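Participant: build me a structure from this.
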Amino acid sequence: MKDLTKGSPLKIICLFSLPILLGRLFNLAYSLADMKILGYYLGKDALAAAGSVSSLYDLTSSFIIGLTNGFGVITAMHYGSGSIDKTKRSLTSSVTLSVFFSLSMTAVCFIALDPILDLLNVSGNVRQSASEYISIMLAGLVFSAFYNCLAASLRAVGDAYTPLIFLILSTILNILLDIAFVGPLKMGTRGAAAATVASQIICAVLCHIYTFIRYKELRFDFRDLILQKETGIRALLSSGISMALMSSMVAFGTLSLQSAINSLGDNIVVAHSATRKLSLIYMLPFGVFGTSMATYSGQNYGAGRIDRIKDGIKVTVIISCIYSVLCIIVSYTICPSIIRALTSTNEAEIIVNAVNYQKFDTLFYFVTAFISIYRNALQGMGEHKLPVISSFAELLGKLLIAIFLTPVLKYTAIIIAEPVVWFVMVIPLIYGVRQKMKSSDEQRSSL
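Facilitator: As a prediction, this is how the structure comes out:
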């Protein structure tokens, strides 16, 4: 366990962010390896099948990750206030709620899978493979939820390294199973999905066993998972659902764009799948700092240290803006080679569209940095409305672009979509942070 309410904000945040960054790098390493393995063994159609429904899984997993991170904020507040008993109760309630929500989402998706595939415009030649792939991935969502809940709770008490260790193990196992299932066992896209679910199960079980052995204060059994009024369910749901909506609205906006992308042909689907993978790599530090700021702000807010939150926001924004310049340089130099490596193809339409996406979008990454850091800091300070409003603005913007601009501008509309909505969604967040800091300054001056 680590106290984030003491020490240099820059040092504390960077050290806390490092294992989160490494974990996400390994997660992305699997994602890229998965694309490479599918392309190598099965060709472009398999990439199109997985890519055409990847945004649906992103939507469900984003909701769960947002939910568990929101639960973690409340756990961090209790830990920052010094109450270990409330910290444990927050953890056990978080596990119960995470399992409930994940199973409910899986059931809804299974029932409505065919209409969802229709809405996504999944083409007939890849529909069967896409359906099999996403069905297996959704079946494993509950194990992903359990692991993410444990990981968020451990980060809430300052331990960001334990989730990293098991994530690395899961990634290595995932890649090995991917090769075995897709290659020698010839399971097709089903093999890639099965490898992911198997590794998630192992990761979740091992993380729980380690937590049980290592942290006596956080041990729990099945009886502890029964929800009770005194466990602070309302606070957990308020924070969890707020962050879940924030994350899922972003993913739902991407899902709406995916529906428009699927109508532009398999080459565009492959190009967008590859360029989005690269974007995820680029944006890793923004998401990592955002996750760190949620925990950092939660602990310091619980301890009444608003001044430290202000300092933390400042240093993370500066670092993120410097990093954004590096992303621009990469996009305008070696990006075509990266896309070729990801897709295992030299097809001109795929390479050109993917590179054009990167050249335009990376110019505005500094806005993304503000969004990720500000909205997570606000969540950590108990402000749930403005981050959701910001995310809703992104959803609305992407829906409008998908419906009205894509039929006219084709893939160019997709390229300009995110930078446009970034500028819209950052406005309420800047306002919220300024108001929060202003009120904290007024409180200090009145003492």
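Participant: use CA for all of it now, contacts and neighbours both
Facilitator: Will do.
Participant: can you show me the helices along the stretch 151-300 of the chain?
Facilitator: Ranges of helices within the stretch 151-300 of the chain are 161-182, 189-214, 233-262, 266-282, 284-302, based on DSSP state H, counting those that start in this stretch.
Participant: residues in contact with the first one?
Facilitator: Applying C-alpha atoms under 8 Å, 6 or more residues apart in numbering, the external contacts of helix 161-182 come out as 19-20, 22-23, 26-27, 29-30, 33-34, 37-38, 41, 151, 154, 187-189, 191-192, 195-196, 198-200, 202-203, 206-207.
Participant: generate a ChimeraX selection restricted to the buried entries among these.
Facilitator: In ChimeraX, a selection of the buried entries from these looks like this (16 or more other C-alpha atoms under 10 Å):
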select :19,20,22,23,26,27,29,30,33,34,37,38,151,154,188,189,191,192,195,196,198,199,200,202,203,207
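Participant: among the helices of the stretch 151-300 of the chain, which comes closest to residue 350?
Facilitator: helix 266-282 (4.7 Å; C-alpha to C-alpha).
Participant: pull the longest helix from this structure.
Facilitator: helix 44-81 (DSSP state H).
Participant: what angle do it and helix 284-302 make?
Facilitator: 20 degrees (axes from the mean of the first three to the mean of the last three C-alpha atoms, to 10 degrees).
Participant: quick check: next helix or strand after helix 44-81?
Facilitator: helix 84-111 (DSSP states H and E).
Participant: run through who's touching the helix or strand following that following helix.
Facilitator: Next helix or strand after helix 84-111 toward the C-terminus (DSSP H and E): helix 113-119. By C-alpha under 8 Å, 6+ apart, the surrounding residues in contact with helix 113-119 are 53, 127, 131, 259.
Participant: what are the C-alpha coordinates of the next helix or strand after helix 113-119, in PDB please?
Facilitator: Note on helix 113-119: by DSSP H and E, the next helix or strand toward the C-terminus is helix 124-139. Taking C-alpha atoms only, helix 124-139 is exported to PDB below (Å, rounded to 0.1, in the frame of the first residue of the first chain):
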ATOM      1  CA  GLY A 124     -22.000 -11.000 -45.200                       C
ATOM      2  CA  ASN A 125     -18.600 -12.400 -46.100                       C
ATOM      3  CA  VAL A 126     -17.200 -11.800 -42.600                       C
ATOM      4  CA  ARG A 127     -20.400 -11.900 -40.600                       C
ATOM      5  CA  GLN A 128     -20.200 -15.500 -39.400                       C
ATOM      6  CA  SER A 129     -16.600 -15.100 -38.200                       C
ATOM      7  CA  ALA A 130     -17.300 -11.800 -36.600                       C
ATOM      8  CA  SER A 131     -20.300 -13.300 -34.700                       C
ATOM      9  CA  GLU A 132     -18.200 -16.200 -33.400                       C
ATOM     10  CA  TYR A 133     -15.400 -13.900 -32.400                       C
ATOM     11  CA  ILE A 134     -17.500 -11.400 -30.500                       C
ATOM     12  CA  SER A 135     -19.600 -14.100 -28.800                       C
ATOM     13  CA  ILE A 136     -16.600 -15.700 -27.200                       C
ATOM     14  CA  MET A 137     -15.100 -12.300 -26.200                       C
ATOM     15  CA  LEU A 138     -18.400 -11.300 -24.500                       C
ATOM     16  CA  ALA A 139     -18.600 -14.600 -22.700                       C
END
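Participant: hang on, the earlier thing: okay, the helices of the stretch 151-300 of the chain in JSON lines with distance to residue 333 and mean pLDDT next?
Facilitator: Below are the helices of the stretch 151-300 of the chain laid out as JSON lines (distance: least, C-alpha to C-alpha, whole Å; pLDDT from 0 to 100):
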{"stretch": "helix 161-182", "distance to residue 333": "29", "mean pLDDT": "87"}
{"stretch": "helix 189-214", "distance to residue 333": "32", "mean pLDDT": "89"}
{"stretch": "helix 233-262", "distance to residue 333": "26", "mean pLDDT": "80"}
{"stretch": "helix 266-282", "distance to residue 333": "14", "mean pLDDT": "86"}
{"stretch": "helix 284-302", "distance to residue 333": "20", "mean pLDDT": "87"}
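Participant: for residue 265, grab the count of nearby residues.
Facilitator: Look at residue 265: counted by other C-alpha atoms under 10 Å, it has 12 neighbours.
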